[in-house]
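Undergrad: Generate coordinates for the sequence data below:
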Amino acid sequence: MRSRAWSVDINGEPYISLQSGSTQFRIQFNIDVSPGSSVSYADIRLYNLSKVSGIANGSSIILKAGYTDNIDAIFTGTATNVLREREPGAPEIITRLICRSGSAAVDRGSAQVSLGPGARVEEAIRALAREWPIPIDIDNEQFADDQPMARGYHADGDIPKAMDNLAYDYKFVWLQHMGRMYVTRPEMKRNSTAIKINQFTGMIGIPEIGLGPNGLGISVSAQLNPSIMVSSVIDLTSEFATYNTGNLYVSEVQPEAKPAGEYNVFSLRYSGDSHSDTWKVDIEGIRWGTKPDLSSVSTPENGKLIWGARVQEAFRVKVIAIAKGLSIDPNWLMAVMAFETGETFYPYVANGAGSKAIGLIQFVPSTAAGLGTTTQSLARMSAVEQLDWVEKYYKPFSGRVRNLGDAYMAVFWPPGIGKPDSYVLFTSADPAYEKNKPLDRGNKGYITRGDCLVFVNAAYRKGGNFAR
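TA: The predicted structure follows:
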């Protein structure tokens with residue numbers, strides 16, 4: 001029988017040696033690996049360590065996890081905060097490590113790169129990696145069709161910022177993870193041997209299909225496998241699937257939208273608790289060659305935004321800039337703001353149900369206070385000024401918003417981010433159910449994420465009539 005196994009190294013030395021099966025030590029971890037964030041993040045909880053744990057802010061961390069026949073590092077990085085906590089009503093003391101990938105030595109490298117006319121984008125990326133310095137994982141074939149840079153390439157300063165700018169201009173994603181820089185175009189074929197995911201190799205539950213601006217997507221969970229990386233390809237076999245309509249491009253299910261097939265891994269989330277059954281990896285993948293035709297859709301590339309005719313040019317420009325910084329589609333923001341303001345985009349519009357919410361995304365007083373302002377101040381701002389607070393609100397969700405449904409859940413009910421349409425947000429026993437009862441389609445006695453997305457989906461579709 002396979003046993004779960006894990007270990008932790010601190011500052012290059014073994015801290016908790018390899019543990020397998022049930023031991024006196026307990027660990028819980030959640031690790032998010034998403035190219036939209038540029039770095040990966042880890043929340044690691046170690047139970048009942050001594051009061052003087054020897055782990056300090058800035059310590060380097062290596063977490064290895066898997067099963068006894070397949071264990072390897074799933075996170076390497078730096079502890080940005082080390083906290084001591086106690087759960088209510090429980091005797092255990094928890095040492096909590098909030099970490100990010102990379103180290104102090106390479107976190108914000110500075111580059112001076114100058115390439116002459118005719119340079120290619122992959123050359124610029126490799127030059128930035130050498131300046132950092134950091135090993136790089138990139139497939140030049142994915143960039144073979146890019147036109148050479150007529151004026152060459154020049155960068156002087158912060159390397160992550162330079163990478164973000166290149167990624168936006170040349171439509172790739174990148175991530176610093178496990179001591180390497182990963183650069184890829186998820187919608188293009190990868191030269192990797194596919195890792196099989198099916199009921200015989202540890203698949204958990206039923207895959208979920210969605211179709212977004214990058215192509216046909218899949219979300220699937222499996223037993224933790226450290227061999228699956230953000231540069232991997234998975235070969236999925238499943239007879240059944242659920243469908244995520246929170247992304248507007250799934251308004252009509254296409255014939256190719258079936259769970260079986262090969263997918264490029266786009267993002268990963270490792271989670272585990274050595275004292276429970278949780279020990280898995282959640283995978284989001286994209287099938288290459290299925291990128292939809294966006295010619296009829298408003299995009300920054302064709303110079304249009306949905307609902308753009310209802311707002312000022314300065315508003316449109318700022319929304320696009322904010323969306324770029326958050327790594328999300330600006331049309332998702334426009335759809336959310338259109339729905340929340342009754343299609344007016346007025347910064348002072350008040351909630352009709354009497355919740356005291358105000359503005360573009362209906363800031364409630366407590367949310368405004370948490371951001372460092374008040375609803376009264378927000379109501380006195382111009383729409384363009386209030387966008388700064390919209391950006392500030394969305395910033396903690398950067399890298400987690402993968403579709404329109406996630407963009408709306410960030411405003412309506414953040415625990416619903418990343419969940420399938422069937423996910424139940426409220427039941428009739430929850431106080432929040434009564435306030436949102438009109439969303440319960442069919443009077444089921446509960447409200448799903450899919451129920452909540454009906455109106456914002458409609459706002460997206462209608463917004464195309466006012467694109468500019």
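
Undergrad: can you tell me which residue is nearest the centre of this protein?
TA: Centroid-nearest residue in the chain, with CA atoms, centre = their mean: residue 400, separated by 2.5 Å.

Undergrad: Quick one: residues contacting that residue.
TA: Shown in contact with residue 400 (CB atoms under 8 Å, 6 or more residues apart in numbering): 32, 34, 36, 406, 410, 417-418. All C-beta spots, glycine's among them, are computed from the backbone N, C-alpha and C.

Undergrad: how close does it get to residue 416?
TA: Plainly put, residue 400 is 11 Å away from residue 416 if you go by CB to CB, to the nearest Å.

Undergrad: just residue 198 next, same as before
TA: On the measure of CB to CB, residue 198 and residue 416 end up 28 Å apart.

Undergrad: out of the two, which sits in the busier spot?
TA: Between residue 198 and residue 416, counting by other CB atoms under 10 Å, residue 416 is the more crowded of the two (22 against 16).

Undergrad: Start and end of stretch 98-112, how far apart?
TA: Using CA to CA, to the nearest Å, the end-to-end distance of stretch 98-112 comes to 32 Å.

Undergrad: Just confirm residue 136 contacts residue 181, I think it does.
TA: Yes. Residue 136 is within contact range of residue 181, at 4.7 Å (criterion: CB atoms under 8 Å).

Undergrad: Compare the two (neighbour count), which wins?
TA: Comparing residue 136 with residue 181 by other CB under 10 Å, the one with more neighbours is residue 181, at 24 against 17.

Undergrad: I'd guessed the more buried one sits against residue 133; true?
TA: No. Look at residue 181 against residue 133 with CB under 8 Å: they stay out of range, at 10.0 Å.

Undergrad: Spell out the residue ranges of the helices in the chain.
TA: For the chain, the helices defined by DSSP state H occupy 121-131, 159-170, 313-326, 330-340, 365-371, 375-380, 383-394, 404-412, 431-435, 449-463.

Undergrad: Output the second one as PDB, restricted to C-alpha atoms.
TA: Meaning helix 159-170. Extracted as PDB, the C-alpha positions of helix 159-170 are listed here (Å, rounded to 0.1, in the frame of the first residue of the first chain):
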ATOM      1  CA  ILE A 159      13.400  42.000 -14.300                       C
ATOM      2  CA  PRO A 160      10.000  40.800 -13.200                       C
ATOM      3  CA  LYS A 161       8.500  44.000 -14.600                       C
ATOM      4  CA  ALA A 162      10.400  43.600 -17.800                       C
ATOM      5  CA  MET A 163       9.100  40.000 -18.100                       C
ATOM      6  CA  ASP A 164       5.500  41.100 -17.400                       C
ATOM      7  CA  ASN A 165       5.700  43.700 -20.200                       C
ATOM      8  CA  LEU A 166       7.100  41.100 -22.600                       C
ATOM      9  CA  ALA A 167       4.400  38.600 -21.600                       C
ATOM     10  CA  TYR A 168       1.700  41.100 -22.200                       C
ATOM     11  CA  ASP A 169       3.100  42.200 -25.600                       C
ATOM     12  CA  TYR A 170       3.900  38.700 -26.900                       C
END
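
Undergrad: which outside residues touch it?
TA: Here helix 159-170 has contacts from 38, 108-111, 113, 121, 124-125, 128, 131-132, 143, 146, 155, 172-174, 176, 181, 324, using CB under 8 Å, 6+ apart.

Undergrad: again with the third one
TA: Residues from elsewhere that reach helix 313-326, judged by CB under 8 Å, 6+ apart: 168, 300, 305, 308, 329-330, 332-334, 345, 383-384, 387, 390-391, 394-395, 397-398, 401, 468.

Undergrad: May I see the buried residues of that helix?
TA: 315-316, 318-320, 322-323, 326 (16 or more other CB atoms under 10 Å).

Undergrad: What of the fifth one?
TA: By neighbour count with 16+ other CB under 10 Å, helix 365-371 contains the buried residues 367-368, 371.
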